[in-house]
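Q: Give me a model of this one.
(one chain, ligands or ions: 1)
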Amino acid sequence: MSVKNLTRRDMIWASGILLTAVRQQTVSGQQPSHPEKDLIYWSQEPPNAEPELDKLIQSWITPTKHFYVRSHAKQNPVIGADEFRLQVEGLVDRPLSLSLSDLMKFPQRTLTATLTCAGNRRAEFNAEGQVGGVQWQAGAIGNATWTGAALADVLQQAGVQSGAQHVWFEGLDSIEHQGSNIGFGASIPIEKAMGGKDDVGALLVHAMNGAPLTSDHGYPLRSLVPGYIGARSVKWLGKVVVSDRTSSNHYLATAYKLVQETQDIDWAEAGPIYRYLVNAAVGSHPAGAELAVGEVQLSGYVLPSGFSNARVKQVWVSSDDGAHWTEAELTGENQAFCWQLWKVSVPVTRDTRSIIVRAQDSRGAFMPERVPWNAKGYLQNSWFRLPVKVS
Ligand code: MTE
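A: Residues are numbered from 1 along each chain as shown. Predicted structure coming up:
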């Protein structure tokens, strides 16, 4: 492809790659702050990092070293297991103060669920107008196995009072925000907290992929809300509050919302984002990959929307700008709240300029061709376009 044929979107992708290379160079030669991780760091303080996509899609379960990290505090809080207590309060009959061993006495549930940041693929919004924040490519997502007590079991022991509408989570981190320090917080509707027939609801997890949570992922305890954007799964969890309203914490009340402006906004009017959307990406090849005329084998991930009855239905891939689509084969397990992997072989001709991926789930939700720009760069799930060069 000649330079004059590059679209603005292609340029953004290309600059993303360049930036990645620069970042890797910047951190190489320095002592890594998170030596157990194999990630591209967009910042070290706070740690914000995503894996290279070809590593991300190697297995259905994402190894912890390839699991993205999204934190807001410069430093992870250091919490000793012995002094740790989870406070459960608000509209409950019996407020609780639970140690880790108290939490282990509840029936332990292990489930696999995909966690994804609302800002995944944010960098692609810049084709239409600058968005701030971490310039995530498509790696702010991972699929892990999580173990802990069901929030519903803990709330049942506390005795939820009538009038309860939302459950708040409060983190023990300390984030500089508008001249003071706050913890990260969230809330979820009581119906999600308590779960249902096919949905355990939320978990209070102490283990990820069969090992205690690492510091980056919230040691010693985090909430895990399958189907919801990552921001509702609060790390370093210190408090659960049952309330008749949504949390007033900044990260629920004014961040993680779909808005066109960031000034003079009626924040309450823009509701919080809860569920994530159907999404997909190519992982096997980077933007700008050189392909030979003939056939190319591609692979990637696909996520159904965040409902307990949503499953991936179809992934289609085009190498001729949408004139023809080939259905991809799905691999990995087909479970609620989990991604699947996909692979496909498509023709490459002299005219191939990009690979386009779109997907649909069993509830009929689909990736739109374009997603309206929003000021904070959330929920980018438009057709995934990978610019390529044909040699
Ligand atoms: N919890 C706390 N206490 N502090 C945080 O900064 N970041 C949230 C969420 N929980 C955050 C948090 C966001 S935005 C995301 S996407 C997920 O954690 C990321 O989880 P991970 O770092 O384990 O991948």
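
Q: farthest residue from the center of this structure?
A: Here the chain reaches farthest from its C-alpha mean at residue 350, the gap being 36.1 Å by C-alpha atoms, centre = their mean.

Q: Look up how far the ligand lies from that residue.
A: Remark: distance between residue 350 and the ligand (C-beta to the nearest ligand atom, to the nearest Å) = 41 Å. (Glycine included, C-beta is placed from N, CA and C.)

Q: pLDDT wise, what is residue 34 at?
A: Model confidence at residue 34, expressed as pLDDT, equals 78.

Q: now do the one 3 residues further on
A: Residue 37 carries a pLDDT score of 94 in this model.

Q: For it, give me its contacts.
A: Going by C-beta atoms under 8 Å, 6 or more residues apart in numbering, residue 37 touches 49, 65, 69, 216.

Q: Out of the residues you listed, which are close to the ligand?
A: residue 69 (C-beta under 6 Å from any ligand atom).

Q: If we only consider the contacts of residue 37, which is nearest to the ligand?
A: residue 69 (4.2 Å; C-beta to the nearest ligand atom).

Q: Can you verify my assumption that that closest one contacts residue 38?
A: No. With the criterion set as C-beta atoms under 8 Å, residue 69 and residue 38 do not qualify as a contacting pair; they are 11.6 Å apart.

Q: and the nearest residue to residue 161 once chain neighbours are set aside, what is it in contact with?
A: Spatial nearest neighbour of residue 161, chain neighbours left out: residue 91 (4.2 Å); criterion: C-beta to C-beta, 6 or more residues apart in numbering. For residue 91, the contacting residues are 160-161, 163-164, 242-244, taking C-beta under 8 Å, 6+ apart as the criterion.

Q: And residue 91, how close does it get to the ligand?
A: In this structure, residue 91 and the ligand are 23 Å apart, going by C-beta to the nearest ligand atom.

Q: cool, and residue 290?
A: Distance check for residue 290 against the ligand: by C-beta to the nearest ligand atom, it reads 32 Å.

Q: How is that residue assigned, secondary-structure-wise?
A: Three-state call for residue 290 (DSSP: H, G, I helix; E, B strand; the rest coil): strand.

Q: count of residues packed around it?
A: Neighbouring residues of residue 290 were enumerated by other C-beta atoms under 10 Å; the total is 9.

Q: now the one 3 residues further on
A: Using other C-beta under 10 Å, residue 293 is surrounded by 13 other residues.

Q: ok, back up a step: per-residue confidence at the residue nearest to residue 161?
A: Reading off the confidence values, residue 91 has pLDDT 98.

Q: Sticking with residue 358, tell me its helix or strand.
A: strand 354-361 (DSSP states H and E).

Q: right, and the helix or strand after that strand?
A: Next helix or strand after strand 354-361 toward the C-terminus (DSSP H and E): strand 384-390.

Q: can you give me the strands in the stretch 1-150 of the chain?
A: Taking DSSP state E, counting those that start in this stretch as the criterion, the stretch 1-150 of the chain contains strands spanning 40-43, 48-50, 69-70, 86-90, 96-98, 108-116, 141-150.

Q: wait, which of these is closest to residue 254?
A: Across these, the minimum distance to residue 254, taken as C-beta to C-beta, is reached by strand 69-70, at 17.6 Å.

Q: helices or strands next to that closest one in the packing?
A: strand 48-50 (3 or more C-beta pairs under 8 Å, 6 or more residues apart in numbering; DSSP states H and E).

Q: outside of the strand it packs on, which residues touch it?
A: Residues external to strand 48-50 that are found in contact with it (C-beta under 8 Å, 6+ apart): 34, 37, 39-42, 68-71, 134, 136-137, 139-140.

Q: do the same with stretch 373-382
A: By C-beta under 8 Å, 6+ apart, the list of residues contacting stretch 373-382 from outside reads 118-122, 124-125, 128-129, 131-133, 229, 255-262, 273, 276-279, 367-371.

Q: Give the buried subset of those residues as a PyMOL selection command.
A: PyMOL command restricting these to the buried ones, with burial defined by 16 or more other C-beta atoms under 10 Å:
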select buried, resi 118+119+120+121+122+124+125+131+229+255+256+257+258+259+273+276+277+278+279+367+371
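
Q: Return the set of residues that bridge with the most centrally placed residue in the chain.
A: Central residue of the chain (C-alpha atoms, centre = their mean): residue 116, 1.2 Å from the mean position. Residue 116 has these beta-bridge partners by DSSP bridges: residue 141.

Q: what about residue 216, which SS state?
A: Assigned with three-state DSSP, residue 216 falls in the helix class.

Q: wait, doesn't it sit right on residue 47?
A: Yes. Residue 216 lies in contact with residue 47 (C-beta under 8 Å); the separation is 6.0 Å.

Q: Overlap of the contact sets of the two?
A: Common contacts of residue 216 and residue 47, defined by C-beta under 8 Å, 6+ apart, comprise 34, 69, 71, 76.

Q: quick one: residue 195 and the ligand, what's the gap?
A: Residue 195 is 20 Å from the ligand, where distance means C-beta to the nearest ligand atom.

Q: ugh, wrong one, I meant residue 302
A: Applying C-beta to the nearest ligand atom to residue 302 and the ligand gives a distance of 19 Å.
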